[in-house]
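**Q** No letters, just coordinates:
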């Protein structure tokens with residue numbers, strides 16, 4: 001079963017839904033239920049003013065009334081004390097005075113008859129009350145918020161709504177597992193933009209799309225918002241192959257992006273983190289939508305549910321049952337090498353317990369002479385299972401025997417023999433241990449030394465060396481850095497120039513997300529700058 005053949009059990013292509021559709025249902029895939037009949041006309045409810053404005057109006061009105069009443073009472077008191085009041089008012093006050101006189105014999109109120117109720121005292125009390133009321137009124141007027149504007153009529157509200165075209169989007173996945181995102185190779189230590197908007201001009205303004213980023217996008221996701229949901233490997237017209245302008249522009253960028261650097265330009269660029277960051281975030285990730293692999297039981301074959309092999313370049317295992325797509329599946333991609341040579345590398349995830357046998361099937365099927373492992377067994381969580389034996393083990397009829405282990409400062413080399421029947425092969429397993437979790441190596445020379453060791457071992461296999469398997473945990477971060485460094489070293493030696501941007505785009509065409517973080521992208525530039533200085537020093541000698 002070759003890579004370009006269509007796998008059985010895959011979903012038919014669908015057209016993506018609009019953002020403002022209810023419940024996320026596609027408008028063309030499901031028929032909307034008929035609208036309910038309009039309710040019978042009823043008496044319009046009385047429109048109530050906003051609660052905040054109503055309470056504010058009552059406060060001001062009550063204060064004004066209280067102030068007016070106090071001034072009226074003050075005027076009446078002044079007239080009465082001056083002897084110009086009405087007779088009924090004078091009679092009332094005389095009655096109150098006589099009542100107070102009855103209390104003169106009581107000790108607590110003996111002061112009532114002491115002549116303290118004079119005209120100046122009453123005026124002073126009245127003026128004090130008036131000032132208190134005025135101060136309270138001013139304080140309420142300053143503290144109260146302004147009344148909200150009156151709501152627009154229904155027709156005006158409709159006119160105020162934006163009539164921009166609806167954006168299109170696709171769910172990244174139906175079920176997100178947080179551990180899948182936390183266990184990826186590296187977390188970028190450089191700033192990552194939370195939202196990126198495509199501002200490139202489009203031929204059709206209605207095709208405007210917005211890319212929303214979450215935790216997976218911080219990992220490097222750049223899946224087009226209008227996705228191709230057709231069968232993997234199918235580009236036939238009429239089969240429902242859908243390509244959005246964003247997806248098409250991303251594909252064109254990966255094919256055409258290039259930035260050739262000579263020695264001086266390489267050294268200057270390696271020291272400019274802002275330029276490298278801007279360039280890195282321009283490169284589309286080219287991840288695969290998990291919905292493209294609708295194969296029952298596939299979850300047992302992937303270490304991370306969101307990191308999947310790109311269909312056009314994935315490795316297909318030979319299977320005795322061609323009707324079972326699961327038996328031929330492995331999370332691995334063929335990667336092109338220097339000058340675009342096909343199948344120079346195989347980038348794959350770190351094997352899990354359920355895929356150890358599949359991994360050794362791939363090693364035997366592809367005649368792999370070298371394996372490069374760039375991860376520890378555990379880095380907070382399990383990153384890779386120990387798929388090699390201490391001495392000997394058999395997987396699917398392949399006898400795997402460890403002949404020798406060589407320890408160096410930065411890696412371990414295992415010499416392994418593979419035997420199946422009467423056929424026997426040799427295998428070199430490099431385990432690079434100087435790459436810390438969620439970071440880049442502290443020094444570039446150990447990685448450059450390993451790259452050179454692997455190149456020399458491949459040259460010993462002859463001009464038609466089989467693919468070299470490279471893996472870390474997810475098979476995109478550290479794996480991408482190693483392969484990019486190897487390709488760029490060959491280009492720098494043979495041409496005297498290097499094009500890291502083009503190399504990265506080539507890698508992401510073959511497997512999405514290669515060179516996962518901006519920090520790793522900067523590290524590749526630093527490593528190549530150091531390698532160029534080494535070449536210059538060797539040539540001067």
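**A** That came in fine, so what should we check first? Computed from a predicted model, the values in this text were never measured in an experiment.

**Q** Show me the strands in the stretch 401-541 of the chain, by range?
**A** Secondary structure of the stretch 401-541 of the chain (DSSP state E, counting those that start in this stretch): strands at 411-420, 423-432, 468-471.

**Q** What is the burial count for residue 314?
**A** 23 (other Cβ atoms under 10 Å). In this view, the C-beta of every residue, glycine as well, is placed from N, C-alpha and C.

**Q** Next up, phi/psi of it, please.
**A** With angles defined as degrees, to the nearest 10, residue 314 shows backbone torsions of phi -70, psi 150.

**Q** Who does it form a beta bridge with?
**A** residue 333 (DSSP bridges).

**Q** Residue 412 now?
**A** residue 407, residue 431.

**Q** That one contacts residue 431, doesn't it?
**A** Yes. Applying Cβ atoms under 8 Å, one finds residue 412 in contact with residue 431, separated by 4.5 Å.

**Q** Kindly state the domain boundaries assigned to the chain.
**A** 57-86+132-144, 216-540 (automatic domain parsing).

**Q** Most tightly packed of the ones you listed?
**A** The highest mean neighbour count among those, using mean count of other Cβ atoms under 10 Å, belongs to domain 216-540: a mean of 18.

**Q** coming back round to it: could you dump the domains of the chain to JSON lines with mean pLDDT?
**A** Output for these, formatted as JSON lines (pLDDT from 0 to 100):
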{"stretch": "domain 57-86+132-144", "mean pLDDT": "67"}
{"stretch": "domain 216-540", "mean pLDDT": "89"}
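
**Q** Am I right that residue 248 sits in a helix?
**A** Yes. Under DSSP: H, G, I helix; E, B strand; the rest coil, residue 248 falls within a helix.

**Q** how far away is it from residue 254?
**A** Per Cβ to Cβ, to the nearest Å, residue 248 is found 11 Å from residue 254.

**Q** Go ahead and report the secondary structure state at residue 346.
**A** Using three-state DSSP, the structure places residue 346 in strand.

**Q** Bridging across strands, which residues link to it?
**A** With DSSP bridges as the rule, residue 346 is bridged to residue 334, residue 469.

**Q** Would you mind measuring from it to residue 332?
**A** Counting by Cβ to Cβ, the gap from residue 346 to residue 332 is 5 Å.

**Q** can you list residues touching both of the two?
**A** Here residue 346 and residue 332 have 315, 362, 469 as joint contacts, going by Cβ atoms under 8 Å, 6 or more residues apart in numbering.

**Q** Contacts only, for the spatially closest residue to residue 471 that is not a sequence neighbour.
**A** Leaving aside its sequence neighbours, residue 471 sits nearest to residue 348 (Cβ to Cβ, 6 or more residues apart in numbering; 4.7 Å). The contact partners of residue 348, by Cβ under 8 Å, 6+ apart, come to 315, 330, 331, 332, 333, 359, 362, 469, 470, 471, 475, 479.

**Q** Excluding sequence neighbours, find me the nearest residue to residue 342.
**A** residue 336 (5.8 Å).

**Q** Residue 505 is in contact with the one you found, correct?
**A** No. Using Cβ under 8 Å as the test, residue 336 is too far from residue 505 to be in contact (11.3 Å).

**Q** Distance of residue 65 relative to residue 71?
**A** Applying Cβ to Cβ, the value for residue 65 to residue 71 is 11 Å.
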